Every structure is written in C-alpha cells, then in structure tokens.
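A.B. asks: for reference, the sequence and a predicted model appear below.
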Amino acid sequence: MAKIEIFDPALCCPTGVCGPHVDPELTRIANAVFLLEKKGVDIKRYNLGNEPQFFVDEKEVQKLLEEQGIDALPVVLVDKQVQKIGGYPSNQELATWTGIQKTEIVKKETKTKDLPLL
C-alpha cells in the first residue's frame, strides 16, 4: 500500500479544523486522513507552522518551496513522489492511491430522522 505524506501550510492546529470559520476542505481532508489511518493506511500530515524540519528534510518539498514559495502548499507525496502541488488530494485520488473504495473515505452522516427520540 502507498505511503502518503501531506505537507500543509502553517495551520493553527494539526488539522486546521478550529476557530469560528472552518474551511470545509480542511474538514474533508482531516476526516479522510482519520478514516484512512483507521484502515491501516500509512498517511501523515505535516504542518509548516509546527513541524518545519519535515519540510527541510524532504528535498522535493524544499525545492518546491524555494521555487514557488508557500503557494506550493499543500504538497502531496505518494511513495516519495510529488503527486499534487497547491491543493489537497480529492477523495478519488486517495482511493486510487490506497486501493480503498472512495465511499469508505467519506464519513457517514447521521440523519436526524435516524436518531432515537428522547
């Protein structure tokens, strides 16, 4: 199975899902990473604000930052190969790279009508 590494721009917390105005894309990718980790996928996210050494150590990411600046982030590596620059992977891309069905990467919403009445 592929090893996926996501190099995030500086975020306020490890997932970026905090504060009063949460970016839905950050929510989606945080959820996808969580579900993939539960399925045993080797997937990691690195936050430039908290983990800058990973950005220095990964030569391809360092090169992209030197050439394009922070606009290159997020950068996605799959088995140490750059697969995406300047955006998070779609659920379809994650499914393709991991062999896991796209439907298994999306959190199931609980419908209000499915909740028991109190």
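C.D. replies: That came through, no problem.

A.B. asks: quick one: the closest residue to A32 other than its chain neighbours from V22, how far?
C.D. replies: Closest residue to A32 apart from its sequence neighbours, by Cβ to Cβ, 6 or more residues apart in numbering: I105 at 4.9 Å. C-betas here are computed from N, CA, C, even on glycine. Separation of I105 from V22 (Cβ to Cβ, to the nearest Å) stands at 19 Å.

A.B. asks: do the same with A95
C.D. replies: Taken as Cβ to Cβ, the span from A95 to V22 is 24 Å.

A.B. asks: with neighbour numbers in mind, choose between these two.
C.D. replies: Neighbour count, other Cβ atoms under 10 Å: between A95 and V22, A95 has more, with 18 against 13.

A.B. asks: give me the element the more buried one is part of.
C.D. replies: Taking DSSP states H and E as the criterion, A95 maps to helix 91-98.

A.B. asks: what about that helix, average pLDDT?
C.D. replies: If you average the pLDDT over helix 91-98, you get 96.

A.B. asks: packing partners for that helix?
C.D. replies: Other helices and strands packing on helix 91-98, by 3 or more Cβ pairs under 8 Å, 6 or more residues apart in numbering; DSSP states H and E, are strand 3-8, helix 24-38, strand 81-85.

A.B. asks: make it 10 Å
C.D. replies: Counting contacts by 3 or more Cβ pairs under 10 Å, 6 or more residues apart in numbering; DSSP states H and E, helix 91-98 packs against strand 3-8, helix 24-38, strand 42-47, strand 75-78, strand 81-85.

A.B. asks: quick one, what contacts the nearest residue to Y88 once chain neighbours are set aside?
C.D. replies: What sits nearest to Y88 in space, not counting adjacent residues and going by Cβ to Cβ, 6+ apart, is I29, at 4.5 Å. Going by Cβ atoms under 10 Å, 6 or more residues apart in numbering, I29 touches 6, 8, 15-17, 23, 45, 74, 76, 87-91, 94.

A.B. asks: what sits against Y88?
C.D. replies: For Y88, the contacting residues are 6, 8, 23, 25-26, 28-30, 32-33, 45, 74, 76, 94, by Cβ under 10 Å, 6+ apart.
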